[in-house]
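**Q** here is a sequence with its predicted model. Questions after.
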Amino acid sequence: MMKKIIFFLLLIPFWADAQEQNIQNFIVKESLSKNGKLAVVAVDSLENTNETINGNYMFTINGFSQALQFHDGIAVTNQKIESSTFVFFSHKNQQTSKGRLFYIYKSDSGLSPFAISGLMFLIIPAIVLGIAYMFKKVIMTAIALAIVFFLFNHSQGLDLSKIFESIFSSLKNLIG
């Protein structure tokens with residue numbers, strides 16, 4: 001009877017649910033040793049360090065898979081950053097995948113990582129296209145007005161050579 005009780009007591013740890021350690025979110029900072037390497041910090045939803053994360057976790061850094069060794073929620077990458085660059089970090093859990101793009105600015109005082117939102121890749125081209133579209137409208141309007149101006153003035157005896165003479169004359173008067 002005692003052997004059965006001891007046997008069941010020994011099986012209890014196997015029946016208990018182990019809490020999985022998953023990295024749900026992370027940030028990138030310069031390593032505390034200021035050696036030109038980056039530190040990946042596992043954080044919670046409030047961006048506080050998740051100190052329960054320990055062990056090896058697979059990350060993809062600019063397309064290369066690398067196992068990062070986490071201690072109390074912090075891991076240091078193997079590669080040293082030699083100059084300012086863009087770095088894309090990606091980590092895949094069993095449930096979710098998280099990827100973040102950072103611009104790493106290297107200066108004499110160290111590394112400064114700046115997170116870049118993926119929405120910027122939609123917003124910036126949209127702004128550029130909007131400006132180009134507005135510029136196109138302005139150019140088209142200016143061309144249309146110039147054509148109307150030349151047609152109207154040509155029928156009234158004003159030709160292109162007189163317009164240029166008037167422009168040069170105005171510039172000479174402005175300068176001297």
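**A** That came through, no problem.
**Q** tell me where the protein has strands.
**A** Counting by DSSP state E, the segments of the chain that form strands are 25-30, 37-43, 55-61, 64-70, 74-80, 85-92, 97-107, 110-116.
**Q** deepest of these, which one?
**A** Of those, the one with the most neighbours on average (mean count of other CB atoms under 10 Å) is strand 37-43, at a mean of 21. Quick note: C-beta positions are derived from backbone N, CA and C, even for glycine.
**Q** what's in contact with that one?
**A** Strand 37-43 is contacted from outside by 23, 25-32, 49-50, 53, 59, 68, 70, 73-81, 87, 89, 104, 111, 113, using CB atoms under 8 Å, 6 or more residues apart in numbering.
**Q** pLDDT (mean, whole number) over it?
**A** Strand 37-43 shows a mean pLDDT of 91.
**Q** where's it relative to the chain centroid, distance-wise?
**A** Here strand 37-43 shows a centroid-to-chain-centroid distance of 16 Å under the convention CA atoms, centre = their mean, to the nearest Å.
**Q** can you check stretch 41-52 too?
**A** Between the centre of stretch 41-52 and the centre of its chain there are 20 Å (CA atoms, centre = their mean).
**Q** report the central residue of the chain.
**A** Centrality entry for the chain: nearest residue to the mean C-alpha point is Ile116, 2.3 Å, by CA atoms, centre = their mean.
**Q** what sits opposite it in the beta ladder?
**A** Per DSSP bridges, the residues bridged to Ile116 are Leu101.
**Q** ok, now which ones touch the spatially closest residue to Asn78 that is not a sequence neighbour?
**A** Closest residue to Asn78 apart from its sequence neighbours, by CB to CB, 6 or more residues apart in numbering: Gln66 at 6.8 Å. Gln66 sits next to 58-60, 77-78 when contact means CB under 8 Å, 6+ apart.
**Q** from Asp44, how far out is Val87?
**A** In this view, Val87 and Asp44 are 23 Å apart by CB to CB, to the nearest Å.
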